[in-house]
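*Asks:* quick one, fold the following:
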Amino acid sequence: MKLLLTLTTLAMTAASLAESTPVLRAGAVGDHDAPAAPAPPTDERPTGEDAVRVQIFLSQSMFGPGVIDGKPGRFTELAAHSWNERHGHPLDSWLALNTAAREAVPNAYATAVVPEAVEDWLDTTLPTSRSGQAERRRMSYRSVGEFMAERYHASLNFLNELNGASAVRALGPRDTLIVPNVTPFRIEKEVTGAQHERADVLSDRHAVVDTRMNQLRIFEASPRPVIVAEDGSRPPNEALVASFPITPGQERFIEYGSFELRNMVEMPWWRFDQQFLDTGVRSENALNIPPGPNSPVGVIWCGTSRSGIGLHGTDEPETIGRARSAGCIRLSNWDAIRLPKLIRPGATIEIR
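*Replies:* The predicted structure follows:
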């Protein structure tokens, strides 16, 4: 456990130094007041800054809680269950997680600088109509606030709460704002348009898409059974590699069963076919929507052996788990782009 926390802390510190500086939340401490010593971690669902810390820690640990907003709900709870399962703690307990998050994330917030790269990813006039979008070069962000919210795994509303809506609306390159102190999703560096090929170990892994819990869980190739003792204790499930919240397809379009992951393509073009979305049958009247973070398939497409079914990003991270997609499995862009580090073509995708 100590080694895990040390490595996590080092990774987060390096990321923070790159473009953001950890801070106490603005207004949390008066000009002449010393910060009060925090109460010891408890076995209760975290609140306030502790809730932000836990969400950050889970995301850094590859157990995605969804949007970081300081309001831990169902997806934070599912991520906590997965983290507890991985480390052998009681599933419903918060104590070990609260303790680990306190140690790994001493500062819940950071002051971030808007990078100049935002100008390459901004289109304030991006149309809402598919016909208009088909004429653009890229499905870019519509505002600097949207760019920064996705960069720090947050909602635009949460950035507004932290900084004020007027300040967020006025953001430009080199301006600063308070953000969750999470390793940022640097779209200008992490999304290159690569096509990911098979890889030893990663291609042998097994991913389970749970359409009832709205969660993707990734396992090593040959997981050993986890035996739960009579008192409810369990050993660590070291085969569980990661988990992320998802939105599955509509019930009538879901294909249950096991499929092979066939391809992983960054910055995909999207074929918009209204008839296919409505009925599942392709038509000849389709539009080609350009790639980008505001594409309905996000920044990466992970296709399976079942034609038209895949895992992909989204243009609406706040709706993950709350709105059905047409037929595929949606993740936030910051979670989806991590999939090539966890699974590769050849892996098994089980939809249940």
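
*Asks:* only C-alpha atoms for contact and neighbour calcs from this point on.
*Replies:* Will do.

*Asks:* for the chain, longest strand please?
*Replies:* strand 257-266 (DSSP state E).

*Asks:* contact partners of that strand?
*Replies:* Strand 257-266 is contacted by residues 191-197, 299-306, 340, 344-352 when judged by C-alpha atoms under 8 Å, 6 or more residues apart in numbering.

*Asks:* give the next helix or strand downstream of it.
*Replies:* Sequence-wise, the next helix or strand downstream of strand 257-266 (DSSP states H and E) is strand 270-272.

*Asks:* ok, then the element right after the helix or strand bottoming out on mean pLDDT in the chain?
*Replies:* Every helix and strand of the chain was ranked by mean pLDDT, DSSP states H and E. The lowest is helix 2-19, at a mean of 41. Going down the chain from helix 2-19, the next helix or strand is strand 20-23, by DSSP H and E.

*Asks:* neighbouring strands - and their directions - for the longest strand of the chain?
*Replies:* Sheet pairing for strand 257-266, assigned by DSSP bridges, gives strand 195-196 (antiparallel), strand 300-304 (antiparallel), strand 348-351 (antiparallel).

*Asks:* of all these, which one is nearest Ser143?
*Replies:* The closest approach between Ser143 and any of the strands paired with strand 257-266, judged by C-alpha to C-alpha, belongs to strand 300-304 at 21.1 Å.

*Asks:* which residues touch that closest one?
*Replies:* Residues contacting strand 300-304 (C-alpha under 8 Å, 6+ apart): 259-268, 309-313, 333, 336-337, 349.

*Asks:* recalculate using a threshold of 6 Å.
*Replies:* The contact list for strand 300-304 (C-alpha atoms under 6 Å, 6 or more residues apart in numbering) reads 260-267, 310-313.

*Asks:* and those, which are buried?
*Replies:* Buried members of the contacts of strand 300-304, counted by 16 or more other C-alpha atoms under 10 Å: 260-267, 310-313.

*Asks:* output the residues you listed as TSV; include the columns pLDDT and distance to Leu216.
*Replies:* Output for the buried ones among the contacts of strand 300-304, formatted as TSV (pLDDT from 0 to 100; distance: C-alpha to C-alpha, whole Å):
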residue	pLDDT	distance to Leu216
Glu260	98	15
Leu261	98	14
Arg262	98	17
Asn263	97	18
Met264	98	16
Val265	98	19
Glu266	98	19
Met267	98	21
Gly310	94	12
Leu311	96	10
His312	96	12
Gly313	97	13
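
*Asks:* which of those lies closest to Val67?
*Replies:* The closest of the buried ones among the contacts of strand 300-304, once distances to Val67 are taken by C-alpha to C-alpha, is Gly313, at 13.7 Å.
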